[in-house]
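[1] Model the following, please.
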Amino acid sequence: MDAEAALSGIKIVQGDGRYAVAVCAGLLARLGGTVVRDVASAGAHAYVGARDARLPPAVGVRCFISATGALRHPSIAADDAEIVMQALGGLMGTSGLADGPPQPVVAPVLEIFAGIDAAAAILAALRVVEAGGPEQDIDASLWDTNASLLGTFIAQAMTGKGSGYREGARHSICAPWNAYAASDGFIMVCTSSDAQWKKLLGLMGQADKAADPSFIDMNARRANIAAVDALVEAWTRTHRVTELSALLKKSGIPAGAIAAGAGEGGSALPFGLIATARAGKPARQPKVAGALPLKGVRVVEIGPFTAGPITGRSLADLGADVVKVEPPGGEVSRTWSPRAGHISGYFAHYNTGKRSVMLDLSEEGDRAVLDTLLGHADVLVQNLKAGALDKLGFGVDALARRHPHLIYCSISGYGHHGAQDAALDTVIQAESGIMTRVGSGATPCKVGFSIADLLSGHVAVLGILAALRLRDRTGFAYHVDVSMLAALQWLMEEGAQYPAASFAGDVTRDEKGRWLLCRAGADDIVIRELGEVFADETLAARSMLRRMPTSGGAFANVLGVPYALTLTPPVPGAMIGEAGADRDGVLREWTSRSAAHGEVA
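    As a prediction, this is how the structure comes out:
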């Protein structure tokens, strides 16, 4: 039983429209849907295309994809190109060197993300119909998708830092963290602790520098970043890229060669979908007419920061009951600045709508609690280092034996069967080759937002929706295997047919000091910084920006998820509470009810 069975028997009409339409239709076809271009074709279950295109007769779910959706934007036309969306949506404003102009990402990043999100929305809408709910339209847009990718910045931008996010390949907090010249190319090196810095100094033959006041801790290194980078690059220039990559990874220092192009990889789907166990007879989802698409689905989420949490957040907004498992003391990003009551603004955005259970998985008793939760869950989402849960007895094969109904979604740098190296977003960007697509590519720069983390989360949602559909129909549970590197390589290959000429243009400054995107035959565009993006009233009008209460009278600004179902739209749930606050309630609730919540008996 494979991925091609997920949409078996489902007919989709692909209408005219922008690049995202073809991306969406292609994904649905690879999931087994029958995609036709004849809009006169009868009996279609879904349509994807432009809003003003000719529509097929009596189609059930209609997904319209445009630049900004049905709510027209005063500065953006419905068919505006990718580079215009990057200029006005903040992607250019966050990409490029710190002392240089904003740069485009020369790949149809927003088109492809929007196509992925539209495909996921169609699966969600079909799930509503099959549960007895209404057929509905989906008002998909690149604008919503773009907004959903800015969560890392929302807290800082809304508390006064409206610009200053371009950093080349550097990190805003950690050092050394940059792209360094080697004898035959560039190597990305990322240190996030003093211990890693000391290891790096040892490799460089500079162990005595550990006590230098200019380098003594992370704050000192950030304050002396030019000297740090010069010290590291003096060493990297004397070695080949392959030698550096092997040496650094062996020492536990995240690093990766900066690829010159898309590299090898890419696949029919940006994730693996592998049957793990036959749980029993097929089970249909609960018939709750008009409910959110994932009403009754239970999810356990394990893992920090971005990729796993945005997956869980999206599932929660679509109606799932998501329980976040946190380590003792809670996830570290709870404590970051700026604050929003009891938690950081960053943590609030990625974790609203979830409940928290705190477990020490080094303890046998807490591992038993996790196993109990998984016995009553439908989905596990985890983005720990590859192999970490296997060592604790919670690997794919072990859970397939104990809980054959469970859909297991793993997000890692190189996939379930790949290398178990530490996989940071910037390292994956380097190894995928996308850093050479930022601007001219002469100096490697990261994409402004965490594209590898976020792409993994967006494709994981699509994979989980497909896996739920397969389990409902076949009785088989599935492993959704997301490799961050393979997904990003897939994105680059998927965008290969996008016209490169559409990225032509120059970035200049006007007399007011503003950066302009200048294109032949078109009006100049003022490139927006993030403060201007978040001040755009259409974000709130499209429910993509909400102000949510946290604690002590404080509020957090939270971005929406880009699945614009018109009758059962996603809605963020209540703000997550203190770490571990929901343990007793979740255990009592999940273990006292029957196993009917979407599970296969």
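[2] pretty sure residue 54 is touching residue 39, no?
    Yes - contact criterion Cβ atoms under 8 Å: residue 54 and residue 39 qualify, at 5.1 Å. (Glycine included, C-beta is placed from N, CA and C.)
[3] Now do the shared contacts for the two.
    Listed as contacting both residue 54 and residue 39 by Cβ atoms under 8 Å, 6 or more residues apart in numbering are residue 15.
[4] For the two, work out which one has more neighbours and name it.
    For residue 54 and residue 39, the more surrounded residue by other Cβ atoms under 10 Å is residue 39, and the numbers stand at 18 against 10.
[5] quick one: contacts for the more buried one?
    The neighbours of residue 39, taking Cβ under 8 Å, 6+ apart as the test, are 13, 15, 53, 54, 55, 56.
[6] list the contacts for the fifth one?
    Neighbour list for residue 55: 15, 39, 47, 62 [criterion: Cβ under 8 Å, 6+ apart].
[7] Helix, strand, or coil at it?
    Classification of residue 55 using DSSP: H, G, I helix; E, B strand; the rest coil returns coil.
[8] Going by neighbour count, which of the contacts of residue 55 comes out on top?
    residue 47 (25 neighbours).
[9] so how far is residue 346 from residue 154?
    To residue 346, residue 154 is 8 Å away according to Cβ to Cβ, to the nearest Å.
[10] more crowded one of those two?
    Higher neighbour count among residue 154 and residue 346: residue 346, with 25 against 22, using other Cβ under 10 Å.
[11] And the pLDDT at that one?
    On the pLDDT scale, residue 346 is placed at 96.
[12] That one touches residue 152, doesn't it?
    Yes - the pair residue 346 / residue 152 is scored as a contact, 6.9 Å apart, by Cβ under 8 Å.
[13] Can you give me the pLDDT of residue 369?
    With respect to pLDDT, residue 369 has a value of 98.
[14] now residue 600
    The model's pLDDT for residue 600 equals 36.
[15] what's the answer for residue 287, then?
    The score at residue 287 is 61. That number is its pLDDT.
[16] same deal with residue 86?
    Looking at residue 86, its pLDDT is 98.
[17] Not counting sequence-adjacent ones, nearest residue to it?
    Counting by Cβ to Cβ, 6 or more residues apart in numbering, residue 86 lies nearest to residue 92, which is 4.8 Å off, once chain neighbours are set aside.
[18] for residue 185, same thing?
    Once flanking residues are discounted, residue 185 sits nearest to residue 241: 4.5 Å by Cβ to Cβ, 6+ apart.
[19] Look up phi and psi at the one you found.
    Phi and psi for residue 241, reported as degrees, to the nearest 10, are phi -60, psi -50.
[20] Tell me how far it lies from residue 400.
    Where residue 400 is concerned, residue 241 sits at a distance of 39 Å (Cβ to Cβ).
[21] With residue 463 instead?
    For residue 463, the distance to residue 400 equals 17 Å [Cβ to Cβ].
[22] Using JSON lines, please lay out the contacts of residue 55 together with pLDDT, secondary structure and distance to residue 572.
    As requested, the contacts of residue 55 are exported to JSON lines (pLDDT from 0 to 100; DSSP: H, G, I helix; E, B strand; the rest coil; distance: Cβ to Cβ, whole Å):
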{"residue": "15", "pLDDT": "95", "secondary structure": "coil", "distance to residue 572": "31"}
{"residue": "39", "pLDDT": "87", "secondary structure": "coil", "distance to residue 572": "36"}
{"residue": "47", "pLDDT": "96", "secondary structure": "strand", "distance to residue 572": "28"}
{"residue": "62", "pLDDT": "96", "secondary structure": "strand", "distance to residue 572": "25"}
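[23] Looking at these, point me to the pair that's furthest apart.
    Spanning the widest gap among those are 39 and 62, at 11.6 Å by Cβ to Cβ.
[24] Kindly list the longest helix within the protein.
    In terms of residue count, the longest helix belonging to the chain (DSSP state H) is helix 451-474.
[25] Now do the buried residues in that one.
    Using 16 or more other Cβ atoms under 10 Å as the burial criterion, the residues of helix 451-474 that qualify are 451-474.
[26] My guess is residue 255 contacts residue 424. True?
    No - taking Cβ under 8 Å as the definition, residue 255 is not a contact partner of residue 424, at 9.4 Å.
[27] Please identify which of the two sits among more neighbours.
    Using other Cβ under 10 Å, the more surrounded residue of residue 255 and residue 424 is residue 255, with 27 against 24.
[28] Who is the more buried one paired with across the strands?
    Going by DSSP bridges, residue 255 is paired in beta bridges with residue 189.
[29] contacting residues around it?
    The contact partners of residue 255, by Cβ under 8 Å, 6+ apart, come to 187, 188, 189, 190, 244, 245, 248, 249, 427.
[30] Tabulate the residues you listed in JSON lines, adding columns for distance to residue 556 and pLDDT.
    What follows is the contacts of residue 255, written out as JSON lines (distance: Cβ to Cβ, whole Å; pLDDT from 0 to 100):
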{"residue": "187", "distance to residue 556": "38", "pLDDT": "98"}
{"residue": "188", "distance to residue 556": "32", "pLDDT": "97"}
{"residue": "189", "distance to residue 556": "34", "pLDDT": "98"}
{"residue": "190", "distance to residue 556": "28", "pLDDT": "97"}
{"residue": "244", "distance to residue 556": "41", "pLDDT": "98"}
{"residue": "245", "distance to residue 556": "39", "pLDDT": "96"}
{"residue": "248", "distance to residue 556": "37", "pLDDT": "97"}
{"residue": "249", "distance to residue 556": "37", "pLDDT": "94"}
{"residue": "427", "distance to residue 556": "29", "pLDDT": "97"}
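[31] who's in contact with the residue nearest to residue 185?
    Contacts here follow Cβ under 8 Å, 6+ apart; on that basis residue 241 touches 182, 183, 184, 185, 186, 187, 257, 258.
[32] Got the domain ranges for the protein?
    Taking automatic domain parsing as the reference, the chain has its domains at 3-148, 193-253.
[33] mind listing the helices for the stretch 451-600 of the chain?
    In the stretch 451-600 of the chain, the helices defined using DSSP state H, counting those that start in this stretch lie at 451-474, 484-494, 530-534, 537-541, 583-592.
[34] Appreciated, that's everything.
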